[in-house]
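Asks: sequence unavailable; structure follows:
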């Protein structure tokens with residue numbers, strides 16, 4: 001049972017990637033207070049939306065269904081992870097009156113909240129609209145916030161669950177209701193027992209494809225609010241991925257606030273690798289964009305030289321790290337990552 005666990009950092013330069021609730025005519029970014037300090041953040045929902053939107057246009061996405069009116073509205077996707085990769089990877093909840101159609105899937109790709117590594121106070125940008133107005137007419141006034149920050153969050157991709165769907169359990173725990181399970185079986189899905197629950201699994205080539213697809217999509221991530229005023233790069237500036245035999249992510253503290261600046265804590269990374277070495281199922285891959293955090297990438301290579309020489313850690317461009325790993329998965333190099341020790345085919 002292998003998870004790809006680690007850390008993702010986005011380098012926000014004079015951006016407003018995720019807005020909160022506005023006040024009057026002021027657009028506010030999402031931010032939180034920790035004591036007296038302000039930390040802008042990007043919600044996991046926003047990043048997952050960016051991932052969906054960044055999937056190749058050739059990849060069909062699950063239709064969104066909406067019903068009800070007013071406060072009794074609800075919206076949900078088709079709930080067919082056998083057909084749609086976004087339902088498979090991001091999960092869903094379909095709660096309808098017909099119990100035979102209700103289903104739920106917890107996320108396979110877990111994403112934390114992407115919080116600024118250091119405290120940052122957003123800047124208020126004041127503007128007016130006067131185009132086409134007469135000289136004696138008052139302008140339309142507007143204002144919004146933006147900021148510069150390194151926003152980092154945790155990632156965890158549960159590889160054995162990709163293409164594996166529970167068909168029994170209690171309440172809404174099933175991922176595929178009876179009719180959908182029958183259709184998936186007819187299309188070639190195989191019955192199995194997964195983590196103690198009856199399930200269906202897709203063929204291994206399709207599971208490999210889906211894992212590789214999300215890694216390549218992450219390498220080409222795009223999105224964010226206010227692109228007309230604050231367009232910016234949203235591809236990973238830094239990403240750490242490690243194959244862990246369980247769901248633990250010991251790398252949550254590798255990016256720290258040092259003297260008011262984001263910094264890689266190489267000593268923390270080294271100690272965590274040593275402590276969890278028996279749980280590592282391959283090398284720790286670090287994608288680090290050139291120029292991100294100044295000369296810290298070169299310093300990290302020096303600080304981690306022994307781990308790099310031994311093959312325990314590799315450092316390269318984020319896109320190279322992600323696309324190389326995607327290709328290895330498609331080439332069946334890591335097929336054992338998709339196997340859960342409790343799996344039994346039926």
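Replies: Good, I have the coordinates. Keep in mind that this is a model prediction, so the values were computed, not measured.
Asks: switch to C-alpha atoms for all contacts and neighbour counts from now on
Replies: OK.
Asks: how far does stretch 256-271 sit from its chain's centre?
Replies: Centre-to-centre, stretch 256-271 and its host chain are 22 Å apart (CA atoms, centre = their mean, to the nearest Å).
Asks: which positions in it come out as buried?
Replies: Buried residues in stretch 256-271, counted by 16 or more other CA atoms under 10 Å: 256, 262-266, 268-270.
Asks: residues near residue 291, how many?
Replies: 10 (other CA atoms under 10 Å).
Asks: got a pLDDT number for it?
Replies: On pLDDT, residue 291 comes in at 97.
Asks: look at it and tell me its secondary structure.
Replies: Following DSSP: H, G, I helix; E, B strand; the rest coil, we place residue 291 in the coil state.
Asks: quick check: it vs residue 73, distance?
Replies: Separation of residue 291 from residue 73 (CA to CA, to the nearest Å) stands at 47 Å.
Asks: ok, now residue 181?
Replies: Residue 181 sits at a distance of 27 Å from residue 73 (criterion: CA to CA).
Asks: do residue 41 as well
Replies: Distance from residue 41 to residue 73, by CA to CA: 28 Å.
Asks: same deal with residue 274?
Replies: Applying CA to CA, the value for residue 274 to residue 73 is 50 Å.
Asks: same check, this time on residue 280
Replies: Counting by CA to CA, the gap from residue 280 to residue 73 is 45 Å.
Asks: neighbours around the spatially closest residue to residue 20 that is not a sequence neighbour, how many?
Replies: Leaving aside its sequence neighbours, residue 20 sits nearest to residue 30 (CA to CA, 6 or more residues apart in numbering; 4.6 Å). Each residue near residue 30 was counted by other CA under 10 Å, and the total is 21.
Asks: same question for the one 10 residues further on.
Replies: In terms of burial, residue 40 registers 27 neighbours under the definition other CA under 10 Å.
Asks: hang on, it packs against residue 116?
Replies: Yes - with contacts counted by CA atoms under 8 Å, residue 40 reaches residue 116, the gap being 5.6 Å.
Asks: which neighbours do those two have in common?
Replies: Here residue 40 and residue 116 have 149, 151 as joint contacts, going by CA atoms under 8 Å, 6 or more residues apart in numbering.
Asks: returning to what we had before: what about residue 181 and residue 73, which has more around it?
Replies: With neighbours defined as other CA under 10 Å, residue 181 and residue 73 compare such that residue 181 has more, 21 against 9.
Asks: pLDDT weak spots in the stretch 151-300 of the chain?
Replies: Residues of the stretch 151-300 of the chain meeting the criterion pLDDT under 70: 170-172.
Asks: so which residues of it form strands?
Replies: Counting by DSSP state E, counting those that start in this stretch, the stretch 151-300 of the chain has strands at residues 164-166, 190-194, 197-201, 238-244, 255-258, 261-264, 284-288.
Asks: which residue, other than its chain neighbours, is closest to residue 315?
Replies: residue 286 (4.7 Å).
Asks: distance check, that neighbour against residue 280.
Replies: Counting by CA to CA - residue 286 and residue 280 are separated by 15 Å.
Asks: over to residue 340?
Replies: Taken as CA to CA, the span from residue 340 to residue 280 is 15 Å.
Asks: let me know how buried residue 308 is, in neighbour terms.
Replies: Per other CA under 10 Å, the neighbour tally for residue 308 reads 16.
Asks: same question for residue 18.
Replies: Neighbour count for residue 18, taken as other CA under 10 Å: 21.
Asks: show me what contacts it?
Replies: Residue 18 touches 29-30, 41-43, 46, 224-225, counting by CA under 8 Å, 6+ apart.
Asks: mind putting those in a markdown table, distance to residue 166 and secondary structure included?
Replies: Below are the contacts of residue 18 laid out as a markdown table (distance: CA to CA, whole Å; DSSP: H, G, I helix; E, B strand; the rest coil):
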| residue | distance to residue 166 | secondary structure |
| --- | --- | --- |
| 29 | 38 | strand |
| 30 | 36 | coil |
| 41 | 34 | strand |
| 42 | 31 | strand |
| 43 | 28 | coil |
| 46 | 27 | helix |
| 224 | 34 | coil |
| 225 | 36 | coil |
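Asks: what's near enough to touch residue 261?
Replies: Residues near residue 261 by CA under 8 Å, 6+ apart: 117-118.
Asks: measure it to residue 57 for me?
Replies: For residue 261 relative to residue 57 (CA to CA), the value is 38 Å.
Asks: coming back round to it: which of the contacts of residue 18 are buried?
Replies: Among the contacts of residue 18, the ones that count as buried by 16+ other CA under 10 Å are 29-30, 41-43, 46, 224.
Asks: nearest to residue 128, of those?
Replies: Proximity of the buried ones among the contacts of residue 18 to residue 128 (CA to CA) peaks at residue 29, which lies at 19.3 Å.
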